[in-house]
Structure formats: structure tokens, C-alpha cells
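1. My questions are about this predicted structure, shown below with the sequence.
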Amino acid sequence: MRFHILTRYFFITFTLLPFIATSCTSSEKKQTSSAGTESRVTIITSADQLNKIISEAKDRLLMFDLYADWCMPCKILSPMLEEIAKEQKDKVTVYKVNVDKNPEIAGAFGVSGIPFVVYVKNQKGVHAFTGVQSKETYIRAIDLLAKGDEQSDITPDGELVDGVRHIKLSTAAAPGNIYVYRGETVKLIFDTIDFPYSLHIPQYKISENGVVGKKMEITFKAKDIGVFPMFCNGRCPAGNGAHYGKIIVMQYKSSGEAQFTELTAKEAKKYIDEKKPFILDVRTPNEYYSGHIEGADLIPLQQLVERISELDTVKNKDILVYCRSGNRSTVAAQILIKNGFKKLNNLRSGITGWQREGYPIKK
């Protein structure tokens, strides 16, 4: 899975884990911390500088804080990062990027909210948080990512059923952390309950009331990478109004011999022109006939598993898969790789990004 930061600057796989510091060059800007001492956090001022740091870091874990001067949560996070940079200097190097001054970097990282903290290792984006987290949360990620396991021990919960990740949960205890991949439609299925309670996930604007004697089902689309809390009110295992657990949205990463690459619209256009891949559209028929990439075959995501045999002839060929925004196509790539397909490329911004670049569609 490729995590694209800057068109041409670097394609880094977005997964979940760490890095090693690079020495500061003359172009790196140091700041002064609130305590009046020299900051241990380096400010990134250009895409070239960012590219150089990442390319030279090798297996060093890097931590990038994308912020804005007007952002109050960013100001709350800043001194915490200073402490982390000092206390965890043997494991991670911390950098800051002002999104207002570097919009191209923010766009390449896919920032949808700030502060946005992303970890990079071996030129791969391996984990990210949106919003201010506890210091312990950042350090836990550093400890995990710095081990160099490249997310080998982190897998999503539940199972894919017709393109939807089903996760069955007991009401006897708080679920803790629930791991899913970006782009997935997730269905949380709670056991039949013996008492009324309500569950809330602010990120997805979900407030669901449980009914005694029935199961509770909650469905949402995991669009953004990050950690999103769940709250429970009523007679819940975690207590009234308490943190009930967290939804941890990770970037999909292929395993084994399979290759999964995320492409920008420009990269996808070049890839199509040069490689002539098999192009798979996994949207609905209505979406497909309203406009699709020329030469694309349609198999809606919900039908992909039962129609997988139709793709046997392209199993070992280059495949470009896309949907509207890059979410359903990520799930489709998971299904294909699980069924033995080797060379998957995902149009990260979907046909929406394709059209935004002015590339043609066929109706």
C-alpha cells in the first residue's frame, strides 16, 4: 500500500509503524520551545526538504506534526511533542509542518483535520492520528512502530462479508481497541442486551440506543486514518459516559508476494498509458454508466466475491482498481489479494480525483 506524499516527491506506503533520525541540514529550521530552550522539533519549510529527510532516514522512525498557528489543539499538542522528542530521542525524530505555508504537503498527506500526526519509516507512512491524543497514545505508537515489525502483528478485527467488515462484540465487557482499514464500511454487531444503553462515536456522528432483547448494529464508513473514541451512556461495562473503546483506522498493507500501490490521478494516467493494465471499476452500475474511465470493466464491490472467477485471466497482470473516492477500491484490493491476485494499484482519489485533473471519462 502506497501512501503518497507529494506527486513525484515520494510514494510512501501507508501502514502502521516507525523510524531513525536524520541530522539537520542547513535548510532545516529550528525553533525555540516555550521554555526558552532550543526546540528538539525541526520545522519543515519545503517539499524538497521533506523528501530529503525521508529518503535519508532509512529505518529511523520519523514523526511529523501537521499544524496551523491558529489551531488551538495544535498549540496544546506542541509542548507534548517537545517532551516526546526529548524523552524518545533514541526511537524517533520529530518534525513539524505548517499546513498553511505548505498546502502541497498537507494535500499529499491527505490531511482532513489538524493536528494531524503521521509516523513514517523506510519511506512508508505507517500510522497516523487526527486530533490531540494523550501523550501515552503517541508513545505507545512509537514503541510499537520502532520495533520494526511493519504492522505484522496488527490485523483488522472481524471479517469481510460482501465487502463490509463485520465485527461481532460482546456487551459483557468494553471492546477496547477495534482495528479496521481505511475505506472499509464497518458493521459493529453487539450481542443481545439485557439492559438499555446508548453508544456514541462522535467522528461518525453516531448515537445509537440499544433495545433490550435485541442486538445493536452500527454501520459507518472508515474514511480517514486515525484513532476515534467511542462513548457509552447507561449501564455500560465501562461505566456511564466513559470511554468505551476506540476505532483505530489503519491504511491497508498487502502481505507476502502481493503488491498494493496507491496512485494519484496523475500517476494513474501515466500508469495506464505505459502499462495498459486491466482497469476494474467497483462502483454501482448507475455510477459506472454516468461516467467511467475508458476501457474499465464493471464489477460492483458487493458482487466481487461471487464473481471473482471472471477475473482469472488477469490474476497475474497489472490491475488498476477504482471507485468514486478510493475507499471501496481499497476493500476490493483486499479481496483480490486474498484470492491470489499479485499486482494491485488503487486510484487513491477515485474517479473524483481523476475528473478533477481534467482527464476524460466515457459515458
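-> Yes, it's here.
2. hey, let's count contacts and neighbours off CA atoms from now on
-> Fine.
3. Give me the contacts around the one helix or strand residue 95 maps to.
-> Using DSSP states H and E, residue 95 sits within strand 92-98. Residues outside strand 92-98 that contact it (Cα atoms under 8 Å, 6 or more residues apart in numbering) are 18-22, 40-45, 60-69, 81, 85, 142, 146.
4. mean confidence score for it?
-> Strand 92-98 shows an average pLDDT of 96 in the prediction.
5. in the stretch 51-200 of the chain, what spans have low per-residue confidence?
-> 147-153, 172 (pLDDT under 70).
6. Confirm for me that residue 300 is in contact with residue 284.
-> Yes. If you go by Cα atoms under 8 Å, residue 300 and residue 284 touch, sitting 5.3 Å apart.
7. what about the strands in the stretch 1-150 of the chain?
-> 3-5, 10-12, 29-32, 38-44, 61-67, 92-98, 116-121, 124-130 (DSSP state E, counting those that start in this stretch).
8. Distance to residue 317 and mean neighbour count added to these, as TSV?
-> Shown next, in TSV, are the strands of the stretch 1-150 of the chain (distance: least, Cα to Cα, whole Å; neighbours: other Cα atoms under 10 Å):
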stretch	distance to residue 317	mean neighbour count
strand 3-5	22	26
strand 10-12	21	22
strand 29-32	46	14
strand 38-44	39	20
strand 61-67	34	27
strand 92-98	39	23
strand 116-121	29	27
strand 124-130	25	26
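9. and those as CSV, adding distance to residue 53?
-> Converted to CSV, the strands of the stretch 1-150 of the chain look like this (distance: least, Cα to Cα, whole Å):
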stretch, distance to residue 53
strand 3-5, 13
strand 10-12, 11
strand 29-32, 13
strand 38-44, 9
strand 61-67, 9
strand 92-98, 10
strand 116-121, 11
strand 124-130, 13
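10. Export the strand holding residue 95 to PDB, keeping only CA atoms.
-> C-alpha atoms of strand 92-98 as PDB (Å, rounded to 0.1, in the frame of the first residue of the first chain):
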ATOM      1  CA  VAL A  92      12.000   8.800  16.900                       C
ATOM      2  CA  THR A  93      12.800  12.100  15.300                       C
ATOM      3  CA  VAL A  94      10.000  14.700  15.500                       C
ATOM      4  CA  TYR A  95       9.200  17.300  12.800                       C
ATOM      5  CA  LYS A  96       6.500  20.000  12.300                       C
ATOM      6  CA  VAL A  97       4.900  21.200   9.100                       C
ATOM      7  CA  ASN A  98       2.700  24.300   8.900                       C
END
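11. Now do it: distance to the chain's middle.
-> 19 Å (Cα atoms, centre = their mean, to the nearest Å).
12. Could you do stretch 298-315 as well?
-> 25 Å.
13. can you give me the helices for the stretch 51-200 of the chain?
-> Along the stretch 51-200 of the chain, counting by DSSP state H, counting those that start in this stretch, helices occupy 72-87, 103-109, 135-145.
14. Show the end-to-end separation of stretch 293-300, please.
-> 15 Å (Cα to Cα, to the nearest Å).
15. one step back: taking their axis directions, the strand holding residue 95 and strand 38-44 sit at what angle?
-> Counting by axes from the mean of the first three to the mean of the last three Cα atoms, to 10 degrees, strand 92-98 lies at 60 degrees to strand 38-44.
16. Strand 92-98: partners in the sheet, and parallel or antiparallel?
-> As defined by DSSP bridges, the strand partners of strand 92-98 come to strand 38-44 (parallel), strand 61-67 (parallel).
17. Throw the ones you listed into a markdown table and include distance to residue 227, thanks.
-> Shown next, in a markdown table, are the strands paired with strand 92-98 (distance: least, Cα to Cα, whole Å):
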| stretch | distance to residue 227 |
| --- | --- |
| strand 38-44 | 23 |
| strand 61-67 | 15 |
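18. Now do residue 289 against residue 162, distance only.
-> For residue 289, the distance to residue 162 equals 22 Å [Cα to Cα].
19. Same question for residue 213.
-> 27 Å.
20. Residue 245 too?
-> 26 Å.
21. And the two? Which one has more around it.
-> Set residue 245 next to residue 162 and count neighbours by other Cα atoms under 10 Å: residue 245 wins out with 18 against 14.
22. Compute the number of surrounding residues for the closest residue to that one other than its chain neighbours.
-> Using Cα to Cα, 6 or more residues apart in numbering and skipping residues adjacent in sequence, the residue nearest residue 245 is residue 176, 4.2 Å away. A total of 14 residues lie near residue 176 under the criterion other Cα under 10 Å.
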